[in-house]
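Engineer: missing the sequence, but the structure's below:
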């Protein structure tokens, strides 16, 4: 009788973690940065229909890198959780921290389950506050852990290199054009330290804008508005919302 093949729990977890990290690294990077009036999400995404960034609730947005079908399931689950909690209790009871806890439990359960493969996704959940000090950004790796981030965060692709670049250059009080240009500059860096050009048409950009008078603070930035913000001489004041380009992105 043959002896059953044995793999220690530590080795099994290490193998699952390596599998998930490799899957996430194959995707394109995205960055999330604080600026003076809110939080900006920037990623390279040639698709106009499959979004990396989405609104979850009034002041909360979601960003993800990795397998689209997996993080889209998580996004839909997050929207349902937020809607149910806001309806059952109060809209103010829906927070990024609560949502991050729900995602952490889901990802952690899947990661530790021997019956299915781990999700190849890395998430960012962000909430814009009344002031910059009230902003919240949480990064959730594949294993369900929660990392409280400040200032800037990068996930997917060569996130480690991009994070180092942002840590050196991001500062408090940046305007939206400044933060957007820094994000594009960081995403343009390849693994060898060189730079490539990313046209505006290949960028997906969204913001949580605390100055927006509507209850819902999420809006997409695209088209002419995005092109103006990326111009070298873009001023400190961002262009006003354009009806066709600032609609809340609901998939």
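Structural biologist: Alright, I've got the coordinates. No experiment lies behind these values; they were computed from the predicted model shown.
Engineer: wouldn't residue 161 be in contact with residue 189 here?
Structural biologist: Yes: counting by C-beta atoms under 8 Å, residue 161 does reach residue 189; the two are 6.6 Å apart. Placement of C-beta: from N, CA and C, glycine included.
Engineer: output the below-cut-off pLDDT ranges for this protein.
Structural biologist: Along the chain, segments meeting pLDDT under 70 span 1-5, 190-194, 234-251.
Engineer: now the strands for the stretch 1-150 of the chain?
Structural biologist: 30-35, 38-44, 53-57, 60-66, 121-127, 136-140, 147-149 (DSSP state E, counting those that start in this stretch).
Engineer: measure the residue nearest to the spatial centre of the chain to residue 112 for me?
Structural biologist: Nearest residue to the geometric centre of the chain (C-alpha atoms, centre = their mean): residue 63, 2.6 Å. Between residue 63 and residue 112 the computed distance is 24 Å (C-beta to C-beta, to the nearest Å).
Engineer: equivalent analysis for residue 131, please.
Structural biologist: 38 Å.
Engineer: who has more neighbours, the two?
Structural biologist: Neighbours were counted for residue 131 and for residue 112 using other C-beta atoms under 10 Å; residue 112 has more, 14 against 8.
Engineer: so where do the helices sit in the stretch 151-251 of the chain?
Structural biologist: When assigned using DSSP state H, counting those that start in this stretch, the helices of the stretch 151-251 of the chain occupy the ranges 159-169, 176-187, 223-230.
Engineer: oh, that last question was meant for the stretch 1-150 of the chain, not what I typed.
Structural biologist: Under DSSP H, counting those that start in this stretch, the stretch 1-150 of the chain gives helices at 9-25, 68-88, 96-112.
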